[in-house]
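Asks: What shape does this take:
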Amino acid sequence: MKKYRKILVPTDFSSGAEAAYAIAKQLAHKFSGKIDLMHVLPTGEYLRETLKKIPVAVDPDKNVIPDIVNQAERKLNSVLEEIEDPIRGKIHIGKNRKASDSIIHYANDEEYDLIVMGSKGEDKSFMKRGSTTLRTLRNSKVPVLAIDKGTLAGDIKRLLLPTDSSQLSLSALPHAVALAHAFGAEITLFYVMELHGGMTEDYEISPETHQKVKIYEQLMSRLDYYLQDRKPEGIQLKRSDKSFLDSLKAGSAESEKYIPLKTVVIAGYSVHYEIEKYADKKSDLVVMATHGHSGFAHLFLGSMTEKVVQNLSKPVMTTR
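Replies: Numbering: from 1, shown residues only. Down below sits the predicted model:
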């Protein structure tokens with residue numbers, strides 16, 4: 001099972017960014033990890049150009065920029081002091097006009113296991129995710145968990161894992177299992193029979209039972225193949241005598257758990273709409289791989305996943 005031992009939490013000190021702290025703490029305690037905090041400042045060149053416009057006789061390099069850095073360090077250390085000693089890591093200040101670039105490069109260079117960040121910081125746009133979070137979700141090679149304001153660790157009990165049945169889409173499963181293990185949650189494997197035509201989104205489509213069972217059995221076969229082929233750290237599929245209700249065995253002997261695995265197959269004309277609609281009422285966190293292929297055409301980031309990430313008012317994790 002995946003373990004998140006090195007966790008990076010970027011923050012702009014807003015209430016939105018604070019939502020990530022409690023979740024990161026629970027994961028760090030669960031996996032005996034450390035939490036490092038990061039704040040990104042604009043580049044010195046950018047600050048100097050901005051401050052030159054202020055009609056005051058100051059030297060940005062001597063009078064202003066060092067003070068900005070010191071303030072950021074004080075704020076980071078203040079947040080770090082609220083983290084328990086066993087999981088308390090270090091602070092880092094990045095400098096880049098695009099905060100997401102600084103976060104992505106630092107997380108990759110320092111080989112973090114996970115980035116946990118608020119879905120929205122000081123960004124005032126109408127989007128569900130701030131621009132920094134969106135860019136980080138889209139481009140990071142390190143898995144990113146974006147937490148919405150007000151989400152508590154105890155709130156995450158239902159994980160949604162959309163799949164197009166490809167091995168690439170199933171590559172998000174080990175992360176879903178690790179999170180489910182940490183939060184005591186169940187996983188729903190979610191598949192949309194993509195239809196074509198001019199029907200409205202409000203029209204309810206109910207595929208025949210035999211169609212759903214056939215797709216379910218194919219999904220289980222491909223899931224089992226993925227687990228046998230990739231052997232993701234001891235995760236095993238445990239079939240039950242009830243269709244659509246199975247479990248995943250995960251963890252070592254002392255922390256072994258059977259995680260409930262529910263499979264949902266529905267039909268729809270808009271994949272991202274069906275994911276958002278289901279997740280809005282029946283999940284607490286959506287876990288998605290960033291690239292996929294085959295029948296669920298363009299589901300993962302770049303098209304469908306990006307739409308889900310932008311519009312869903314629930315925590316989301318993306319992983320390559």
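
Asks: Can you pull the phi/psi pair for Q167?
Replies: Backbone torsions of Q167, given as degrees, to the nearest 10, read phi -60, psi -30.

Asks: Longest strand of this structure, counting residues only.
Replies: Using DSSP state E to define each element, the chain has its longest strand at strand 257-268.

Asks: Residues touching that one, excluding its own?
Replies: By C-beta atoms under 8 Å, 6 or more residues apart in numbering, the residues outside strand 257-268 that reach it are 177, 180-181, 185-195, 201, 205-207, 211-212, 215-216, 219-220, 237-238, 244-251, 274, 278. Where C-beta positions appear, they are placed from N, C-alpha and C, glycine not excepted.

Asks: Go again with 7 Å.
Replies: Contacts to strand 257-268, defined as C-beta atoms under 7 Å, 6 or more residues apart in numbering, come from residues 177, 180-181, 186-195, 205, 207, 212, 215-216, 219, 238, 244-251, 274.

Asks: now for whatever helix or strand comes next after that strand, which elements pack on it?
Replies: Scanning forward in sequence from strand 257-268 by DSSP states H and E, the next helix or strand is helix 271-282. Where contact means 3 or more C-beta pairs under 7 Å, 6 or more residues apart in numbering; DSSP states H and E, helix 271-282 is packed against strand 158-162, strand 186-194, helix 304-311.

Asks: what sits opposite the nearest residue to A99 once chain neighbours are set aside in the beta ladder?
Replies: What sits nearest to A99 in space, not counting adjacent residues and going by C-beta to C-beta, 6 or more residues apart in numbering, is V40, at 4.0 Å. Bridge pairing for V40 (DSSP bridges) gives the partners G94.

Asks: ok so, going back, are any of the contacts of strand 257-268 buried, and if so which?
Replies: With neighbours counted by 16 or more other C-beta atoms under 10 Å, the contacts of strand 257-268 contain buried members at 177, 180-181, 186-194, 212, 215-216, 219, 244, 246-248, 250-251, 274.

Asks: got the buried residues for the top helix by length along the chain?
Replies: Across the chain, the longest stretch assigned as helix under DSSP state H is helix 209-230. By 16+ other C-beta under 10 Å, the buried positions in helix 209-230 come out as K212, I215, Y216, L219, M220, R222, L223, Y226, L227.

Asks: quick one: strands adjacent to the helix or strand just after that helix?
Replies: Using DSSP H and E, the helix or strand that follows helix 209-230 in sequence is strand 236-238. When pairing is defined by DSSP bridges, strand 236-238 lines up against strand 245-250 (antiparallel).

Asks: Tell me how many other residues crowd E306.
Replies: 20 (other C-beta atoms under 10 Å).

Asks: Just the pLDDT at the residue lying closest to it once chain neighbours are set aside, thanks.
Replies: Closest residue in space to E306, ignoring its immediate chain neighbours: R138 at 6.8 Å, by C-beta to C-beta, 6+ apart. Here the pLDDT value assigned to R138 is 84.
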